[in-house]
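Q: Pasting a predicted model and its sequence here:
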Amino acid sequence: MRLRLATWNINSVRLRVEQVARFVDEQAPDVLCLQEIKCREGEFPREAFEQMGLPHLKIAGQKGWHGVAIASRLPIEDVAVLNACREGHARCVSARIAGVEIQNFYVPAGGDVPDRALNPKFDHKLDFFETLTAELARRDPKDPLIVTGDLNVAPGEFDVWSHRQMSRIVSHTPVEVAAMEALKASLGFIDLPRAAVPEPEKLFSWWSYRAADFRKSNRGLRLDHILVTPGLREAVFRTGAAASRVHDDVREWERPSDHAPVSADFAL
């Protein structure tokens, strides 16, 4: 079977539920992982997702802030959440779908000052990565696991519009890049969007609202990720190449999120 998974920082699910419905209609994801839903569980638009054909839901909500959810066409089994957030925010949600464990995260942005001692938000971000990496390192890389979501790090030189300028800005500083690399190394994760679009091609999933024309300025970052363990390598490369893409056309829609959805296909 084909399993299509998409991840999307929706920046308020209630505000953009019609955009979600349009994306689901056009791209037919079997699993949709959302971040920044910005609502509590009881406020989540369940009926709309049922009408989209995604009736199975796991939601970790929070009033007005953060929040993550997994919506699925297929039944969901419970699985332990890798809760790496020391502040108790709704930033982690998990599920097992079609035999595959999915961990969906919204990693803290980290504030503006890239210094752990001076900026508690930046320390929180790095602590999140360190806690998650330590937990993952205890796992078996042969187990089918997807780590996805808005991880708020653009890890590579070609994942930012300007490597030189962004190296001093939170999201692409050397310490964050190193934290992301340690996470990926913990289980030998495969970076699916990069497997599909190899460097040196630029690849972004986020563009600031400040630009009147995001395509013209194209000052983007790749903050949204789909990482899979070696246990899913065959499912990813069964047809010979990874099938993953950033749906940057969604960023052109009216009143969009500043993030575009990212999807990947698996042959299970």
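A: Structure received.
Q: ok, what's across the strand from Leu145?
A: Glu101 (DSSP bridges).
Q: Name the SS class of Leu232, please.
A: Put simply, Leu232 is helix when judged by DSSP: H, G, I helix; E, B strand; the rest coil.
Q: Likewise for Asn104?
A: Strictly by three-state DSSP, Asn104 counts as strand.
Q: The helix or strand bottoming out on mean pLDDT in the chain - contacts with which helices or strands?
A: Lowest on mean pLDDT, DSSP states H and E among the helices and strands of the chain sits helix 214-217, with a mean of 94. Packed against helix 214-217, as judged by 3 or more CB pairs under 8 Å, 6 or more residues apart in numbering; DSSP states H and E, are no other helices or strands. For glycine as for every other residue, the C-beta is placed from the backbone atoms N, C-alpha and C.
Q: residues in contact with that helix?
A: Applying CB atoms under 8 Å, 6 or more residues apart in numbering, the contact partners of helix 214-217 are Trp207, Ser208, Ala211, Gly220, Arg251, Glu252.
Q: Identify the farthest-apart pair in the residues you listed.
A: Ser208 and Glu252 (14.7 Å; CB to CB).
Q: For Ala211, give me the pLDDT.
A: pLDDT for Ala211: 89.
Q: mind listing the strands for the stretch 151-268 of the chain?
A: 190-191, 206-207, 220-221, 224-228, 244-246, 262-267 (DSSP state E, counting those that start in this stretch).
Q: Please tell me how far stretch 226-243 is from the chain's geometric centre.
A: Per CA atoms, centre = their mean, to the nearest Å, the displacement of stretch 226-243 from the mean C-alpha position of its chain is 17 Å.
Q: distance between the ends of stretch 77-97?
A: Length of stretch 77-97, first residue to last, CA to CA, to the nearest Å: 6 Å.
Q: Could you list the buried residues of that stretch?
A: Neighbour counts using 16 or more other CB atoms under 10 Å place 81-85, 89-95, 97 of stretch 77-97 among the buried residues.
Q: Among the residues you listed, which has the minimum pLDDT value?
A: Among the buried residues of stretch 77-97, Asn83 carries the lowest pLDDT, at 92.
Q: which one is that residue nearest to, not counting chain neighbours?
A: Closest residue in space to Asn83, ignoring its immediate chain neighbours: Cys92 at 4.9 Å, by CB to CB, 6 or more residues apart in numbering.
Q: and that neighbour, what does it touch?
A: Cys92 makes contacts with Ala60, Val68, Val81, Leu82, Asn83, Ala84, Cys85, Gln103, Asn104, Phe105, Tyr106, as judged by CB under 8 Å, 6+ apart.
Q: what's across from the last one in the sheet?
A: Read it as Tyr106. Applying DSSP bridges, one finds that Tyr106 bridges with Asp150.
Q: per-residue pLDDT, it?
A: Predicted confidence (pLDDT) for Tyr106: 98.
Q: Just give me how far stretch 44-58 sits from the chain centre.
A: 19 Å.
Q: Good, we can wrap up now.
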